[in-house]
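> when you get a sec, could you give me coordinates for this:
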Amino acid sequence: MNYEDIKLTSSEIGTLWTEYVNGTMADCVNKYMYSIIEDETIKKVFEDAINIFARQKQEITQLIQKDGFPVPAGFTDSDINLEAPRLFTDIFCLHYLHIMTLHGLIGHMSALSASTRKDMRQMYDSFDNDGKTTFHQTIDILLEKGKFVRDPLLYPDSNVEFVNDKSFASGILKPNRTLAATEIVSLSFNVKKNIMAKSLSIAFAQVVQSEDARKFLEDSEKTADNQIQALSKILQDDNLPSPVSYETEITTSQIAPFSDKLMMYHIGILFQIGQIYHGAGLASSMRADLIIAYEAIILKTISVVKNWFDIMTKNKWLEQPPLAPDRKEIAKNK
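You can find the predicted model right below:
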């Protein structure tokens, strides 16, 4: 079949646009981190990640251009300062690549599920395999270095149990039951993601030039910290450990390795993607305190994203994705 004769759907061009913009942003960060990393094992993983995206970027660009859409501006070498001193330790860089690879894997699978054309499906299937390779590499190295924090352990029951009491989904009028494994996985993952958002907010606030951006980053750091504390307390109340933070892996450098546009976009995207995981945590929760906590986090994150949007549009930093035709405007101007 000649795929050039089949036009991209709105969903397919939307996924290509998102993959390009988010991919070029992460690629800029990876290139800077590669330039400062001293550990050769970690450096090699970043080299592989940079080479993988170079190939992916070419494939995405070709597909966008074939249908006559403009290639997004995204982020380029002009958004990186490779002469900037070290802002992160090698271990932080490895944690960063691990978390961003998780985002990429979920993004690739979402894009695959929205694709109809066979060449698109094959491409995203290939991207997913690339992401899995990096995922395994980052975990293996973190484990080897004793820096990977495992989620809490549970001990097996002797028999299969079934819920036989409505109180399993309660907790308002009586003490909470202990956390279920299905709830712990979302709690732990959401804490880890907020730790990364908090750490990057701290680092970027040290080096950003715009005062509006600095104020936003300081606020986003506080928001992420509040969310970490809220979810960690739920784990700790059941005598379960919380993931460790990365603040000590950030240096005191005040020289920006990235443009203000890139740093602001990055934090905004982390909070937007975070809503997916907050929603998943809410959907998997059957304890009242968990539901209340996730609802509060989701509402607060909406406010953070609104402030982010205002600053991004004010500075013309937010690139507009392809829009559906405005039929009323077309008819009016015929």
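
> got the domain ranges for this structure?
As assigned by automatic domain parsing, the chain contains the domains 8-144, 175-314.

> against residue 301, how distant is residue 40?
Per Cβ to Cβ, to the nearest Å, residue 40 is found 38 Å from residue 301. Heads up, the C-betas are built off the backbone N, CA and C, glycines and all.

> state the distance from the closest residue in space to residue 179 that isn't next to it in sequence to residue 177.
Nearest non-adjacent residue to residue 179, counting by Cβ to Cβ, 6 or more residues apart in numbering: residue 238, 5.1 Å away. Distance of residue 238 to residue 177, computed by Cβ to Cβ: 10 Å.

> circling back: just put the domains of the chain in a markdown table and tack on mean pLDDT.
Putting those into a markdown table (pLDDT from 0 to 100) gives the following:
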| stretch | mean pLDDT |
| --- | --- |
| domain 8-144 | 95 |
| domain 175-314 | 94 |
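
> so which of the ones you listed comes closest to residue 152?
domain 175-314 (4.3 Å; Cβ to Cβ).

> my read: the residue nearest to residue 179 touches residue 178, true?
Yes - Residue 238 is in contact with residue 178 according to Cβ atoms under 8 Å; the separation is 5.3 Å.

> got a list of what residue 116 touches?
By Cβ atoms under 8 Å, 6 or more residues apart in numbering, the residues touching residue 116 are 9, 12.

> kindly recompute the last result at 7 Å.
Going by Cβ atoms under 7 Å, 6 or more residues apart in numbering, residue 116 touches residue 9.

> my guess is residue 8 contacts residue 67, does it?
Yes - the criterion here is Cβ atoms under 7 Å, and residue 8 meets it with residue 67 at 4.9 Å.

> neighbour-wise, which of the two wins?
residue 8 (22 against 13; other Cβ atoms under 10 Å).

> between residue 40 and residue 301, point out the one with more neighbours.
Shown here are residue 40 and residue 301; by other Cβ under 10 Å, residue 301 has more neighbours (19 against 7).

> please identify the helix or strand for the more buried one.
For residue 301, the element it lies in under DSSP states H and E is helix 288-314.

> can you count the residues close to residue 151?
17.

> got the contact list for it?
184-185, 188.

> what kind of secondary structure is it in?
Three-state call for residue 151 (DSSP: H, G, I helix; E, B strand; the rest coil): coil.

> quick check: phi and psi at it.
When quoted as degrees, to the nearest 10, the phi and psi of residue 151 stand at phi -70, psi 160.

> what's the closest non-adjacent residue to residue 264?
Leaving aside its sequence neighbours, residue 264 sits nearest to residue 213 (Cβ to Cβ, 6+ apart; 5.3 Å).

> ok, the residue nearest to residue 240 when sequence neighbours are not counted to residue 192 distance?
Nearest non-adjacent residue to residue 240, counting by Cβ to Cβ, 6+ apart: residue 152, 4.3 Å away. Distance of residue 152 to residue 192, given as Cβ to Cβ: 13 Å.

> these two: who's more crowded?
Counting neighbours by other Cβ under 10 Å for residue 152 and for residue 192 shows that residue 192 has the greater number, 23 against 17.

> I figured the more buried one hits residue 245, correct?
No - taking contacts as Cβ under 7 Å, residue 192 lies outside contact range of residue 245: 10.0 Å.

> number of residues surrounding residue 305?
17.

> need the domains of the chain in CSV (columns: distance to residue 325).
Listed next are those as CSV, based on distance: least, Cβ to Cβ, whole Å:
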stretch, distance to residue 325
domain 8-144, 10
domain 175-314, 23
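
> still on that earlier bit, ok, the residue nearest to residue 264 - contacts?
Contacts for residue 213 (Cβ under 7 Å, 6+ apart) come out as 260, 264, 311.
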